[in-house]
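>>> Structure here, sequence nowhere to be found:
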């Protein structure tokens, strides 16, 4: 039986890397958005994303990833702080007074 | 612009900007929950430490989250001639990213290393405030 010979693909590795980086950014932003919507804890796994975004800031679409990542991170943190403050005002959380009480 | 900042500071801190922050203690309000203003004041006590020890000429430093879309950095510096200088920077979370607003006013969107450092700072702020003040584990979202 004749064996099937797959055509040889010759893809520029730089393109593959760029696509992978772009995918990672999209996945991370999507995950951050999902965490905010679902009120999940913020995960600290953005170092790779930020590196990729900053590295690509001068030469690729990744420049769009960094401000969006920062915006989503800030909104998520602010939302959590707001919940802490509201819960404390309502007496549901007893705060530490930083060792002064 | 100046009136907004003044309002924000008056809301959060004492009327006299030079006076050191009053340290809130349980003795101040033994039977009542802390107010939002007092909580932000306590958060800022932690927030100012995110950037390490302040140099000797820094009289006062504050860093805190004011509301959903605003972070405030404030620093007061004593010059060698005895005069005092203060600088307040507001970081606004906008659709396009993080807008830095400084006296002047000067407006710039954060980018590159500065944007990266801003995000690291607010994440560190959140982690420390969650643990030290609210007694919550920031990674699990559960009480410590």
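Received, thanks. The structure presented is a predicted model; accordingly, all values stated were derived computationally and were not measured.
>>> does the longest helix seen in chain B come close to chain A?
Longest among the helix segments of chain B by residue count, using DSSP state H, is helix B:112-128. Yes. When contact is scored as Cβ under 8 Å from any Cβ of the partner chain, part of helix B:112-128 falls within range of chain A: B:112, B:113, B:115, B:116, B:118, B:119, B:122, B:123, B:125, B:126. All C-beta spots, glycine's among them, are computed from the backbone N, C-alpha and C.
>>> out of these, which are buried?
For the residues of helix B:112-128 next to chain A, burial is judged from neighbour counts taken by 16 or more other Cβ atoms under 10 Å in any protein chain shown, and it is met by B:115, B:116, B:118, B:119, B:122, B:123, B:125, B:126.
>>> Can you tell me which of those residues is nearest residue B:60?
Distance from residue B:60 was checked for each of those by Cβ to Cβ. The minimum falls on residue B:125, at 17.5 Å.
>>> was I right about that closest one contacting residue B:65?
Yes. In this structure, residue B:125 sits in contact with residue B:65. The criterion is Cβ atoms under 8 Å, and the distance is 7.0 Å.
>>> rewinding a little: tabulate the residues of helix B:112-128 next to chain A (TSV), appending pLDDT and distance to residue B:105.
TSV is the format used below for the residues of helix B:112-128 next to chain A (pLDDT from 0 to 100; distance: Cβ to Cβ, whole Å):
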residue	pLDDT	distance to residue B:105
B:112	90	22
B:113	90	23
B:115	93	20
B:116	90	24
B:118	94	18
B:119	93	23
B:122	95	22
B:123	93	27
B:125	96	24
B:126	95	27
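>>> can you pull out the strands in chain B?
For chain B, the strands defined by DSSP state E cover B:58-67, B:70-78, B:84-94, B:97-102, B:106-109.
>>> And those: which comes nearest chain A?
Taking Cβ to the nearest Cβ as the criterion, strand B:97-102 is the member of the strands of chain B that comes nearest to chain A, at 2.8 Å.
>>> could you say what helices and strands the closest one packs with?
Judged by 3 or more Cβ pairs under 8 Å, 6 or more residues apart in numbering or on different chains; DSSP states H and E, the packing partners of strand B:97-102 are helix A:65-89, strand B:84-94, strand B:106-109, helix B:112-128.
>>> Can you tell me which of those is packed in deepest?
For the helices and strands packed on strand B:97-102, average neighbour numbers computed from mean count of other Cβ atoms under 10 Å in any protein chain shown are highest in helix A:65-89, which has a mean of 20.
>>> coming back round to it: anything in contact with each of residue B:125 and residue B:65?
Both residue B:125 and residue B:65 are contacted by A:77, B:43, B:47, under the criterion Cβ atoms under 8 Å, 6 or more residues apart in numbering or on different chains.
>>> number of nearby residues for the spatially closest residue to residue B:124 that is not a sequence neighbour?
Across the structure, with Cβ to Cβ, 6 or more residues apart in numbering or on different chains as the measure, the residue nearest residue B:124 apart from its sequence neighbours is residue B:50 (4.9 Å). Other residues lying near residue B:50 total 17 when counted by other Cβ atoms under 10 Å in any protein chain shown.
>>> pLDDT below threshold where in chain A?
A:1-64, A:96-101 (pLDDT under 70).
>>> contacting residues around the residue of chain A found nearest chain B?
Distance from chain B to each residue of chain A (Cβ to the nearest Cβ) is smallest for residue A:67, at 2.8 Å. Taking Cβ under 8 Å, 6+ apart as the definition of contact, the neighbours of residue A:67 are B:96, B:97, B:98, B:109, B:110, B:111, B:115.
>>> Also residue B:79?
Going by Cβ under 8 Å, 6+ apart, residue B:79 touches B:57, B:85.
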